[in-house]
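Peer 1: Need a 3D model of the sequence below.
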Amino acid sequence: MPRRAEPFRVAFVCTGNICRSPMAEIVFRGFAERAGFGALVASTSSGTGDWHVGERADARTIDALARRGYDGAHHRARQFTLDDFDRNDLIVALDRSHERILTSWARTPDDTDKLALLLSFDTNAGDVLDVPDPYYAGPEMFDEVLAMIESASRALFRQLEPAIRTTS
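Peer 2: Below you'll find the predicted structure:
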């Protein structure tokens, strides 16, 4: 099979793009890089709202990521746009409210087919479908949310890895 010209693109979406989705973007990219697929996978993130556009990730997000060996210092928040449907192969919502918003913005069945919930990839999540928003909580909650995101992102990467491997 010929090598895919463009990387497989995954976009993670939360509310303001300063807590959950930057964590998912950075963690997922970390899995791809450690597996040697850094050039074959691209991850981005955005928010459904525009409140934090241009801002860094929340300091507690950056700290939680750093405690687990990730660098979140370069993240800048952006808002999801309709062009993101065209630019990405998979769009991963962090909770059902984001999934509902993204579904309402989808212009075509192809756009809708690109949508998934992050925790739907993690069999260890049980019936939990929503990654909780840690914004109004303390640092411990950021660590808990990051652990959920790591587990689900690992499961997502494992599911995508065979297809990515065949294009390398």
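Peer 1: Who are the packing partners of the longest helix along the chain?
Peer 2: The longest helix of the chain (DSSP state H) is helix 139-166. On a contact count with 3 or more C-beta pairs under 8 Å, 6 or more residues apart in numbering; DSSP states H and E, helix 139-166 meets strand 8-14, helix 20-34, helix 59-67. Placement of C-beta: from N, CA and C, glycine included.
Peer 1: could the ones you listed go into TSV alongside distance to residue 117 and mean pLDDT?
Peer 2: Converted to TSV, the helices and strands packed on helix 139-166 look like this (distance: least, C-beta to C-beta, whole Å; pLDDT from 0 to 100):
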stretch	distance to residue 117	mean pLDDT
strand 8-14	10	97
helix 20-34	11	97
helix 59-67	20	98
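Peer 1: now the ones you listed as CSV including mean neighbour count and distance to residue 83?
Peer 2: CSV is the format used below for these (neighbours: other C-beta atoms under 10 Å; distance: least, C-beta to C-beta, whole Å):
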stretch, mean neighbour count, distance to residue 83
strand 8-14, 25, 11
helix 20-34, 24, 17
helix 59-67, 18, 25
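Peer 1: circling back: mind listing what's buried along the longest helix of the chain?
Peer 2: Neighbour counts using 16 or more other C-beta atoms under 10 Å place 141-142, 145-146, 148-157, 160-161, 164 of helix 139-166 among the buried residues.
Peer 1: and it with strand 8-14, angle?
Peer 2: For helix 139-166 against strand 8-14, the angle by axes from the mean of the first three to the mean of the last three C-alpha atoms, to 10 degrees is 160 degrees.
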